[in-house]
Structures are given as C-alpha cells and as structure tokens.
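Peer 1: Dropping the sequence and predicted coords here.
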Amino acid sequence: MTQKEKQNSSVETFFILLKAGLFGCIEGEGGLLPDHVDWAEVYKLALEQRVVGLITEGMEILQHECSAPLVPQAWTVKFVSVTLQMEKLNRTMNRFVAGLVSILRKNGINSLLLKGQGVAQSYEKPLWRVCGDVDLLLSEEDYQKAKDFLLPFASHVEPENVYKKHVGMTIGGWLVELHGNLRCGFSSRIDRVLEKVYDDTIHGGKRRSWMNRTVEVFMLEEENDVLYVFTHFLNHFFKGGIGVRQISDWCRLLWSFRDSLDFKYLESCLKDMGLMSEWKAFGMYAVEYLGMPEHAMPFFDDSDKWKQKARLIHAFIIKSGSVGYKRLKKKTTTKKESFLTRKIGSSGQRAGDLACISRIFPLDALRFFPSILMNGIRQK
C-alpha cells in the first residue's frame, strides 16, 4: 500500500467514525473500518478538525456493532483519555459561563450566549464537544456597560472592532467575547439580515434558554441560531479557515430542531442574504460526508451540481483544517511580527484561499473579496 493510499484510508476511517459519532451512522458490515489505518493520522485529523470527542463517540458506537476490536488498544486509551480531559474542561467552562451570566445579570446587564456551550446542548454528549470561547450578545447599552464592568477583571484585552461592536478579553483564563451586534463583515447584504435578527432578539424578545446548573442562560431563537451559526462558519470559510466542528454544530442544531423549524422564515432569510447556493452545497456536504439524514436538511437538492461542490468543499476542508491548525500554531509560537508584515501575510493567505474557493462559489468569491480584504486591513 502506497503512502497516499494509506492516507486516504485514514481519512476514510476518520469520516466513518465522525458519521457514527454525529448521527449514529453504521456503514456496511463486517470489519466496518478500512484496512491499514494510520491511527496517528486519524488522531491528527481529529485534533485539526477539533472533533476528538465525536471520534471517540464514533468508536464506541461502531465497537458495539462488532465483536472484534476495531481500534488498537493504545489508540483507544489515547482518544478516551483526551475526551475525559475535555469533559472535565467543559464542566469547568459551564460553571464559568453560569457565574459570568449571573454576575452580569445582578449588575443589570442582560446577555445571550452565542454558539459555544449553548450549541453543545444539541449534541448527544454536550461535554464531549471541544469548547472554545465565551461569546455574549448584548444590547448596545449593555455592550458598553459589560465592557466597563469586566475590564478590571481582564488580564488581556484585544483591540475592539468598532463596526462589529466586538471586543475580546481574557478573564480567569477564558476568552470572553462581547458582541454589540451580529454583523459578519464580509457582506452588507448578509449584515442587513443579521441586523434584523439582532433587533428581533434584543428588542423583540425572540430567544430560547438553557438551564446551566441553576442559571437560566438565554440564547438565540432556533431559526436564528441556525442562521447565525451558518453565516458564522461561512465567514470563516471565505476567509480560508474552516473545520468540520463548525459544520457539525450547524448540523446538530438542524437535527435537534428538525420538527419545529420555520422553513418559510429560513428560506426568506437565505434568499435575502443571497446564500441559498451555499446552503445547498454545504447541505449536500453534510449529507454525503457527515451522515446528516436527508430529511433533516432543509432545502436539500440531490443533484450532481451540489455533489460536485460538496466534493470541492471536502477537499478544501481537509486542506484548510491542516493549514488553519498550522497557522494558529505558528501564531502562538513565533515572535510578534509588525503590523505591516502581518497584514501583507494575511492578505496573501486570503487571496490564495479565495482563489481555491472561487472554484466552488465563483460569483460570491468575487462579491465577498473586497469586504473581506478591507475588514482584514482595518483590524489591528
């Protein structure tokens, strides 16, 4: 077996396990997994794509269907050990979120939790989802109040993005990001719809909640959460850095709310944003590569056009997952570069990424490029 064949076998194994972890999908019979799997490569992919917990869950589900061991014991122990550490970290983060929301509320500051631990509740095992930052959505008034209140507790504060009304600060070892709107910054047409979602949420009271310990944590309404998570990962996609975890979040939301979503509202918003093509392409990707049941994917279109786009998305995600992981690692290990050097480097990366993306969405790659480039230059 050649090195390329071995790598393909490892990628195939990764996605078989991912499908099982996400939706309990069992593919085929017999051994279930390909031969000659490089488990170090599977583990590397799980780290890059931030889905170690889902792969571990997939191992459990597939092993239940097979009498013979599917995964070498040493690698089973490795995946389970990392997943248990993740579970412990998620419990700690949930306590932090509950405390943060509670203390802000006691000081007259109301907030909603975006993405993150809220989306995790849509998974079969929420504590096995890799946790990230704490993103809070606030009214314009509460955004300023929250900034003033939390700044004394912050060990580090990032430069504020005035257009997005966004600022990040490190508190107690966690990155807390405050949002005074939902703008994505890569399309004014998309931002107009997101501004309406923001207004309906903050002023119209459209929201749902999650009982985190004894604290009621508010989140976006079901349809708006689906739309926001979708536009959020598209933002990353068009900027060249997207992983399977972000798309998995979208899929789990759609799966959890499959019987209650307002499809007319979703369709209207997607058409207003001009994103129906992207939705259908990523919908096909979710069904073909992540095991999403067709009946749970709104506006699913089983045509060759979308299958071809899904194949290109798949290739790009495998590449960008690795590239994004390496870029992040380089960013945290190399010495600080000058503003001009960073901007030239990031602009070059974005131009190269968009060249690849233009093969999938040629018109929107051109439509979004100026905004992406200008927003990147504006940020420090």
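Peer 2: All right, it came through fine. Numbers count the residues shown, from 1 in each chain.

Peer 1: what's near enough to touch the residue lying closest to K164 once chain neighbours are set aside?
Peer 2: Spatial nearest neighbour of K164, chain neighbours left out: R183 (5.0 Å); criterion: C-beta to C-beta, 6 or more residues apart in numbering. Where you see a C-beta, it was placed from the backbone N, CA and C, and this is true even at glycine. Residues in contact with R183, defined by C-beta atoms under 8 Å, 6 or more residues apart in numbering, are 163-165, 191, 194-195.

Peer 1: let's see 10 Å
Peer 2: R183 sits next to 161, 163-166, 190-192, 194-195, 198, 231, 235, 375 when contact means C-beta atoms under 10 Å, 6 or more residues apart in numbering.

Peer 1: Same question for D133.
Peer 2: Contact partners of D133, counting by C-beta under 10 Å, 6+ apart, are 93, 114-116, 168, 170, 174-177.

Peer 1: Over to V52?
Peer 2: Residues in contact with V52, defined by C-beta under 10 Å, 6+ apart, are 21, 43, 45-46, 78-80, 82-83, 85-86, 128-130, 245.

Peer 1: quick one, helices of this protein?
Peer 2: Taking DSSP state H, the helices of the chain run over residues 3-23, 39-48, 52-64, 73-106, 116-120, 140-150, 188-202, 222-238, 244-256, 263-273, 276-290, 304-333, 339-357, 362-378.

Peer 1: The contacts of D133 in strands, which ones?
Peer 2: By the criterion of DSSP state E, membership of these in strands covers 114, 168, 170, 174-177.

Peer 1: and those residues, which two are the farthest apart?
Peer 2: Within the ones in strands among the contacts of D133, L114 and T170 form the most distant pair, 17.8 Å apart (C-beta to C-beta).

Peer 1: nearest residue to the spatially most central residue of the chain other than its sequence neighbours?
Peer 2: Against the mean C-alpha coordinate of the chain, by C-alpha atoms, centre = their mean, the closest residue is Q246 at 2.1 Å. Spatial nearest neighbour of Q246, chain neighbours left out: F233 (3.9 Å); criterion: C-beta to C-beta, 6+ apart.

Peer 1: now do W306
Peer 2: Residue nearest to W306 in three dimensions, not counting chain neighbours: M284, with 4.0 Å by C-beta to C-beta, 6+ apart.

Peer 1: so the one you found touches F300, yeah?
Peer 2: Yes. Between M284 and F300 there is a contact under C-beta atoms under 10 Å: 7.5 Å.

Peer 1: Need the overlap of contacts for the two.
Peer 2: Residues touching both M284 and F300 (C-beta under 10 Å, 6+ apart) are 292, 294, 306.

Peer 1: Of those residues, which is the nearest to A315?
Peer 2: W306 (15.1 Å).

Peer 1: tell me the contacts of the closest one?
Peer 2: Neighbour list for W306: 277, 280-285, 287-288, 300, 313 [criterion: C-beta under 10 Å, 6+ apart].

Peer 1: and which of those is nearest to G241?
Peer 2: Top of the list for closeness to G241, among those and by C-beta to C-beta, is I313 at 13.9 Å.

Peer 1: If we ignore the residues flanking it in sequence, what's nearest that closest one?
Peer 2: Nearest non-adjacent residue to I313 (C-beta to C-beta, 6+ apart): Y285, at 4.8 Å.

Peer 1: What of W128?
Peer 2: With sequence-adjacent residues excluded and distances taken as C-beta to C-beta, 6+ apart, W128 is closest to G53, at 3.1 Å.

Peer 1: How about F316?
Peer 2: Closest residue to F316 apart from its sequence neighbours, by C-beta to C-beta, 6+ apart: C356 at 5.8 Å.

Peer 1: I figured that neighbour hits P362, correct?
Peer 2: No. Assessed by C-beta under 10 Å, C356 is found out of contact with P362, at 11.4 Å.

Peer 1: So for the two, which sits in the more crowded spot?
Peer 2: The neighbour count for C356 versus P362, taken as other C-beta atoms under 10 Å, is higher for C356 (15 against 10).
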